[in-house]
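Student: Provide a 3D model corresponding to the input given below.
(one chain, ligands or ions: 1)
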Amino acid sequence: MTSLLLTGIGELVTNDPTHDGTRLGLLDDAAVVLDGHRIAWVGRRLDAPEADAARDLGGRAVLPGFVDSHSHLVFAGDRAEEFAARMAGESYAAGGIRTTVAATRAATDEQLSANVARLVAEMRRQGTTTVEIKSGYGLTTLDEARALAVARQYTDETTFLGAHVVPPEYADDPSGYVDLVTGPMLDAAAPHARWIDAFCERGAFDADQAHTILLAGQAAGLAGRLHANQLGPGPGVRLACELGLTAVDHCTHLDDADVEALAGSGTIATLLPGVEFSTRSPYPDARGLIDAGVTVALASDCNPGSCYTSSMPLCVALGVREMRMTPAEAVWSATAGGARALGRDDVGVLAAGKQAHLTVLEAPSYLHLAYRPGVPLVAEVIA
Ligand SMILES: [Zn+2]
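Tutor: Coordinates of the predicted model:
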């Protein structure tokens, strides 16, 4: 394995506070040594050890690859017409998922895999080096298992979301569907999944159902996470905190008790501002959560219905512009925060021994991610 010395890093975001006492752990005129898949050394250029090869990055800023901890990439078709209708004034309802379910069931494994490959490559071009991918558009035992098998080809962070919505054939028997999700479907999905998730929302699954599903998943060796409080207030966030889940996602409609529960738990609040942007809805209160001491992650929620962006730089810009995060908070939440939301300490930080996942910006500072929204600032991804 040959080592590579990267120099000419105008600004390095390490997410290692030992460098400067801030969360981003910034270094000017920095260097990094990579050794195979791992980082061997991080520090100032003048202190850098020798390596087998060297590259000068010309003063560009470098940060950890984005960790997108929430996406739904295994699907067929798109819902551009639904988006257009929504922009013309119709409100988003969870039932729109059923359109994608029908298209996904009709697709071949090869078609599903090609779509995931396309989206993962699109994410990579925008600086994402770790992505979580959920099932949830199959909603039969066979279709959920094959969705997860497809996702597994692209990431270890796969999530069983059989409890995305009750499929039409169970419309009159939702508890029968919960039995399926916690029984044969879980058995078929578990070998391909690391996580289990449920959409705890009015019109999807209530807190008792979500609780049952999460406990069944945990018994099958899957760790829990939850979609909660997206479309309105509800018990999901408090349930996630009570169960000590790694992350609870959306957190758009919270009351004081929800914020208190999050602040007193180790559960990460994952905010998905691309959804509010794409559905023209009020944003979560990132500022209030951070000020209350809650650890916040940012993720894309890339999916064909409520948010068809794969762009973490857009999420950073929305975090800053629309949710009053500082640029430093937003970049941390999109890298180290996402890693924490996946229970990972080997990504989202640039330090010796960590994964060599670096995003190089065509800009002198990470500030440009929020300052120059919509601009393709990712010059290169090293991973
Ligand atoms: Zn989602």
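Student: low pLDDT regions in this protein?
Tutor: For the chain, the stretches with pLDDT under 70 are 92-95.
Student: find the centremost residue of it, please.
Tutor: residue 69 (2.2 Å; CA atoms, centre = their mean).
Student: you'd agree that residue is up against residue 301?
Tutor: No: applying CB atoms under 8 Å, one finds residue 69 not in contact with residue 301, separated by 9.8 Å. From N, CA and C alone the C-beta is placed, and that goes for glycine too.
Student: circling back to that earlier point, which residues touch the residue nearest to the centre of the chain?
Tutor: Residue 69 makes contact with 132, 157, 247, 249, 270, 297, 299, 338, 339, 341, 342 under the criterion CB atoms under 8 Å, 6 or more residues apart in numbering.
Student: out of these, give me the one that has the most neighbours.
Tutor: Neighbour tally across the contacts of residue 69 (other CB atoms under 10 Å): the maximum, 33 neighbours, falls on residue 338.
Student: give the phi and psi angles for that residue, as a check.
Tutor: The phi/psi pair for residue 338 (degrees, to the nearest 10) reads phi -60, psi -40.
Student: isn't it up against residue 129?
Tutor: No: contact criterion CB under 8 Å: residue 338 and residue 129 do not qualify, at 10.3 Å.
Student: which neighbours do those two share?
Tutor: The contact sets of residue 338 and residue 129 overlap at 66, 67 (CB under 8 Å, 6+ apart).
Student: which residues are common contacts for residue 69 and residue 301?
Tutor: Both residue 69 and residue 301 are contacted by residue 249, under the criterion CB under 8 Å, 6+ apart.
Student: returning to what we had before: out of the contacts of residue 69, name the ones that lie in helices.
Tutor: Per DSSP state H, helices hold the following members of the contacts of residue 69: 338, 339, 341.
Student: just give me the closest of those to residue 231.
Tutor: Taking CB to CB as the measure, residue 231 lies nearest residue 341 of the ones in helices among the contacts of residue 69, at 20.7 Å.
Student: contact partners for that closest one?
Tutor: Going by CB under 8 Å, 6+ apart, residue 341 touches 67, 69, 70, 225, 246, 247, 249, 268, 270, 297, 299.
Student: residue 285 too?
Tutor: 254, 323.
Student: and it, how far from residue 206?
Tutor: Using CB to CB, to the nearest Å, residue 285 is found at 24 Å from residue 206.
Student: what does residue 191 give?
Tutor: To residue 206, residue 191 is 28 Å away according to CB to CB.
Student: so between these two, which is more surrounded?
Tutor: Regarding residue 191 and residue 206, a neighbour count based on other CB under 10 Å identifies residue 206 as having more, with 18 against 12.
Student: the more buried one against residue 199, yeah?
Tutor: No: assessed by CB under 8 Å, residue 206 is found out of contact with residue 199, at 10.7 Å.
Student: please, where are all the strands along the stretch 1-150 of the chain?
Tutor: With DSSP state E, counting those that start in this stretch as the criterion, the stretch 1-150 of the chain has strands at 3-13, 26-35, 38-44, 53-64, 66-68, 128-131, 133-134.
Student: burial measure for the spatially closest residue to residue 328 that is not a sequence neighbour, as a count.
Tutor: Spatial nearest neighbour of residue 328, chain neighbours left out: residue 24 (5.2 Å); criterion: CB to CB, 6 or more residues apart in numbering. Around residue 24 there are 23 other residues, counting by other CB under 10 Å.
Student: and if you look at the one 3 residues further on?
Tutor: Neighbours of residue 27 under the rule other CB under 10 Å: 22.
Student: and for the one 4 residues further on?
Tutor: The number of residues packed around residue 31, counting by other CB under 10 Å, is 24.
Student: who's in contact with it?
Tutor: Residues near residue 31 by CB under 8 Å, 6+ apart: 5, 6, 7, 9, 41, 42, 43, 44, 45, 47, 48.
Student: do residue 124 as well
Tutor: So, once contact is read as CB under 8 Å, 6+ apart, residue 124 ends up touching 381, 383.
Student: mind checking how far it is from residue 312?
Tutor: Applying CB to CB, the value for residue 124 to residue 312 is 11 Å.
Student: dump the ones in helices among the contacts of residue 69 to a markdown table, plus distance to residue 174.
Tutor: Shown next, in a markdown table, are the ones in helices among the contacts of residue 69 (distance: CB to CB, whole Å):
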| residue | distance to residue 174 |
| --- | --- |
| 338 | 32 |
| 339 | 35 |
| 341 | 29 |
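Student: and of the residues you listed, the nearest to residue 145?
Tutor: Nearest to residue 145, judged by CB to CB, of the ones in helices among the contacts of residue 69 is residue 341 at 24.7 Å.
Student: and which of the contacts of residue 341 is nearest to residue 113?
Tutor: Nearest to residue 113 among the contacts of residue 341: residue 70, at 20.5 Å, using CB to CB.
Student: got phi/psi on the closest residue to that closest one other than its chain neighbours?
Tutor: Leaving aside its chain neighbours, residue 70 sits nearest to residue 299 (3.7 Å; criterion: CB to CB, 6+ apart). Note on residue 299: its backbone torsions stand at phi -140, psi 170 [degrees, to the nearest 10].
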